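Asker: structure, please.
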Amino acid sequence: MTNIGVFDSGVGGLWILRHLQEVLPQYNYVFFGDQGHVPYGKRPLEEIKSFSEEIAKFLISKNCEVIVIACNTASAASLKYLREKFPNVIFVGMEPAIKPAAEGTHTKKVGVLATSVTFQGELYNSVVERFAHDVEIFKDTCPGLVNQIEKGDLDGIYTYNIIEKALRPMLEKNIDTVVLGCTHYLFVIPLIKEIVGEKVNVIDPTDAIVLHVSNLLDENNLSDKSGNIGQINIFTSGKVEDMKPILSKLFSENMSVEKIAWDNDIIKA
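Answerer: As a prediction, this is how the structure comes out:
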């Protein structure tokens, strides 16, 4: 049975894990949430690349043949490097859905919510240059939002205020599309839709990522048609209890989490 690794700076990637498991339940999943270093958003690119390499090594040690970098920030910092470093592993990265946003906008004005590292990365800038040269893009990093979501506060007033502060100026500029460039932000789609209203399209990249992983499994002869149900193993570099609030919202069953020691930049598996 094929093992699929999924990692993120924290709990955001659990959203992607849950949807992968729903659509492709026949695979084993190994999830690593780097809560010991969350948030990644303001860290230097080289530091994030180092974190990502160490996590990739850990997931490879768990026999993962496919690794989903369920983090736009880590994808921006390390996707190209990891593909070169581990050529025998299939890496799937996250990039803001600028292309469908540019194709669907009528006002030619699009809002993008992402971290500062994502906005600095080659992935983001390449997509903008290729597909959004005739679109006006308004950006916001939503300071503090990742921390609120890590706490499990998905609908509180402070969380609402962070999102409204980011989106209100964009709405005044007549945006008709919002791109979510951070997997953490997928958890607050209901709040985002409440603020922007029905006339603004909020793009969720989840289905596209799941379809891409499914296609890659088929293309690389890793698909499993057995009908078996795989296992999910969850690891964190932070406190086990910090992952529980989000896990309880996503999974009906009680999911166990294992704490992994990370000393002197080395994961002690």
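
Asker: name the SS class of the closest residue to Val92 other than its chain neighbours, please.
Answerer: Closest residue to Val92 apart from its sequence neighbours, by Cβ to Cβ, 6 or more residues apart in numbering: Val68 at 4.6 Å. (Each C-beta comes from the backbone N, C-alpha and C, glycine too.) Following DSSP: H, G, I helix; E, B strand; the rest coil, the label given to Val68 is strand.

Asker: tally of neighbours for Val68?
Answerer: 29 (other Cβ atoms under 10 Å).

Asker: cool, Leu154 as well?
Answerer: Close neighbours of Leu154, defined as other Cβ under 10 Å, add up to 17.

Asker: over to Ile162?
Answerer: Neighbour tally, Ile162, other Cβ under 10 Å: 21.

Asker: for Ala208, see how far away it is.
Answerer: Separation of Ile162 from Ala208 (Cβ to Cβ, to the nearest Å) stands at 26 Å.

Asker: and stretch 196-209, how far apart are its ends?
Answerer: Distance across stretch 196-209, first residue to last, is 24 Å (Cα to Cα, to the nearest Å).

Asker: buried residues in that stretch, which are they?
Answerer: Neighbour counts over stretch 196-209 (16 or more other Cβ atoms under 10 Å) mark Val196, Val200, Asn201, Val202, Ile203, Asp204, Pro205, Thr206, Ile209 as buried.

Asker: gap between Ala56 and Ile266?
Answerer: 13 Å.

Asker: sorry, that was for Val128
Answerer: Distance of Val128 to Ile266, given as Cβ to Cβ: 36 Å.

Asker: higher neighbour count, these two?
Answerer: Higher neighbour count among Val128 and Ile266: Val128, with 19 against 11, using other Cβ under 10 Å.

Asker: hang on, the more buried one packs against Ile137?
Answerer: Yes - using Cβ atoms under 8 Å, Val128 is in contact with Ile137, at 6.7 Å.

Asker: overlap in contacts of these two?
Answerer: Residues touching both Val128 and Ile137 (Cβ atoms under 8 Å, 6 or more residues apart in numbering): Ile98.

Asker: next, the distance between the ends of stretch 183-202.
Answerer: Stretch 183-202: ends 14 Å apart by Cα to Cα.

Asker: then stretch 36-44?
Answerer: Taking Cα to Cα as the measure, stretch 36-44 stretches 16 Å from start to finish.

Asker: what's the span of stretch 242-260, first residue to last?
Answerer: End to end - Cα to Cα - stretch 242-260 spans 14 Å.

Asker: quick one: mean pLDDT for the helix or strand that contains His212?
Answerer: Using DSSP states H and E, His212 maps to helix 206-219. Helix 206-219 comes out with an average pLDDT of 95.

Asker: and the residue nearest to Val92, what does it touch?
Answerer: When contacts are counted by Cβ under 8 Å, 6+ apart, Val68 touches Ile4, Gly5, Val6, Phe7, Gly13, Ile16, Leu20, Phe91, Val92, Ile209, Val213.

Asker: how about 10 Å then?
Answerer: Neighbour list for Val68: 4-8, 13, 16-17, 20, 29, 31, 59, 75, 90-94, 209-210, 212-213, 216 [criterion: Cβ atoms under 10 Å, 6 or more residues apart in numbering].

Asker: mind checking which helix or strand the nearest residue to Phe119 once chain neighbours are set aside is in?
Answerer: Distances taken as Cβ to Cβ, 6+ apart put Lys139 closest to Phe119, at 5.9 Å, once the chain neighbours are dropped. Remark: Lys139 resides in strand 136-140, with elements defined by DSSP H and E.

Asker: got the buried residues for that strand?
Answerer: Ile137, Phe138, Lys139, Asp140.

Asker: what does the next helix-or-strand element following it rub up against?
Answerer: Per DSSP H and E, the first helix or strand lying C-terminal to strand 136-140 is helix 145-150. The set of residues external to helix 145-150 that reach it, using Cβ under 10 Å, 6+ apart, is 9-12, 15, 33, 35, 38-41, 73, 113, 115, 142, 153-154, 156, 158-163, 165-166, 182-188, 238, 242-243, 245-246.
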